[in-house]
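# please find the sequence and the predicted model below.
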Amino acid sequence: MQSWKDMERCVEVNPTFGNQINITYDGLLSKSGADRVFIHCGYGDPQNWRDVTTIGMDRTTRGWEKAVPMKNHTITFCFKDSANNWDNNSGSNWIAQA
């Protein structure tokens, strides 16, 4: 998998080691003052997520970051804050594929 950035929405994906990727988010929720940001993700077909989970992200100098496992070569994800506001890329979510 290669690294990629969505500059407009401030999302960055980088491979790490093993079957993990590091996702960095500094988008709308972060810029709106979110005190917590969570990545909401699922695996497999982007239209039919499996093993859906919501994971708290870590605040860093670059925004919010989290290393997440990559399963079945595809992860689909979006973000939410502690007030249940969502950033889902205007309904398209984000997709990373290995």
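That came in fine, so what should we check first?

# and residue 94, what does it touch?
In this structure, residue 94 makes contact with 6, 11, 13, 76-78, judged by CB atoms under 8 Å, 6 or more residues apart in numbering. Just so you know, the C-beta spots here come from the backbone N, C-alpha and C atoms, and that holds for glycine as well.

# wait, I meant residue 12
Neighbouring residues of residue 12 by CB under 8 Å, 6+ apart: 3-6, 23-25.

# let's see that with 7 Å instead.
Residue 12 sits next to 5, 24 when contact means CB atoms under 7 Å, 6 or more residues apart in numbering.

# among the contacts of residue 94, show me the least confident.
Minimum pLDDT across the contacts of residue 94 is recorded for residue 6, with 88.

# tell me the contacts of that residue?
Residue 6 sits next to residue 94 when contact means CB under 7 Å, 6+ apart.

# buried only: go through the contacts of residue 94 for me.
Buried subset of the contacts of residue 94 (neighbour count, 16 or more other CB atoms under 10 Å): 11, 13, 76-78.
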